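Chemist: sequence first, predicted coordinates after that:
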Amino acid sequence: MFSVRSLTHEDAVYVAFRMRAEDRREIAATRGGGLFAERVALDCFLSLGQQGIGYVAYQNNVPVAAIGAIPIHLGVWSVYMFATDRVSEIGLGLTRWAKNVLHPEIVAAGAHRIQCDSIEGHTVAHAWMETFGAKNEGALPKFGIGQETFYRFAWIEG
C-alpha cells in the first residue's frame, strides 16, 4: 500500500543508504562522497527548519523515496528526490501525489520558479520531471565536481 508522510531523519537515512545507483551518482557529483548517505539525509531533514518541504513515500510502510523542495531565494525553489530500487512499485501513486499535493504546496509557499539540476544520463529522472511539465532549459557543462554535465529543468508559475 502506497502512503506519504512528513520526512523524518530516520526514514531519510533509510532511503539514502539504499538509493538507486543513478541517484547516488547524481548527488555525489555535486556533494562529494564522504559520509554520503548520512549527510544527504541530514541535509534534507535540516532543510525543514529553513522553510523546506520534505516527505517520504512508502510501500507497505517501508520507506522508498525521499522527496521535497528547498527555497533557494525568494520565489525560487529547488526540488529533490532520491529513491530505492523499489520506486517503480509506487511510481504511479507518487507521480499523482507529486502533481496534486507537492507541486501545489510549493506554489502556495510562494514559488514562481521551481527547478531541479539533474546529471546527464539520468534519463528516468529527466522523463519524470517532463511528465510534470518541467522544461529542460539546457546543459550546465562541467557543473559537477568531476566536471559532469547537468541539465536544469524548471517549472515557471504564473
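Modeler: Arrived safely. Numbering: from 1, shown residues only.

Chemist: hey, which helix or strand in this structure has the poorest pLDDT?
Modeler: helix 36-47 (a mean of 92; mean pLDDT, DSSP states H and E).

Chemist: outside of that helix, which residues touch it?
Modeler: 7-9, 12-13, 15-17, 19, 24, 27-28, 31, 52, 54, 66, 68, 70, 80, 82 (Cβ atoms under 8 Å, 6 or more residues apart in numbering). All C-beta spots, glycine's among them, are computed from the backbone N, C-alpha and C.

Chemist: so which of the residues you listed belong to helices?
Modeler: With helices taken from DSSP state H, the overlap with the contacts of helix 36-47 comprises 9, 12-13, 15-17, 24, 27-28, 31.

Chemist: which of those tops the neighbour count?
Modeler: Top of the ones in helices among the contacts of helix 36-47 by neighbour number is residue 15, holding 30 neighbours under the definition other Cβ atoms under 10 Å.

Chemist: tell me who's in contact with that one.
Modeler: Neighbouring residues of residue 15 by Cβ under 8 Å, 6+ apart: 41, 56, 63-66, 82-84.

Chemist: circling back to that earlier point, buried residues in the least confident helix or strand of the chain, which are they?
Modeler: 36-37, 40-41, 43-45, 47 (16 or more other Cβ atoms under 10 Å).

Chemist: need those in a markdown table (columns: distance to residue 97).
Modeler: Below are these laid out as a markdown table (distance: Cβ to Cβ, whole Å):
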| residue | distance to residue 97 |
| --- | --- |
| 36 | 27 |
| 37 | 24 |
| 40 | 22 |
| 41 | 21 |
| 43 | 22 |
| 44 | 17 |
| 45 | 20 |
| 47 | 19 |
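
Chemist: give me the neighbour count for residue 137.
Modeler: When neighbours are counted by other Cβ under 10 Å, residue 137 registers 13.
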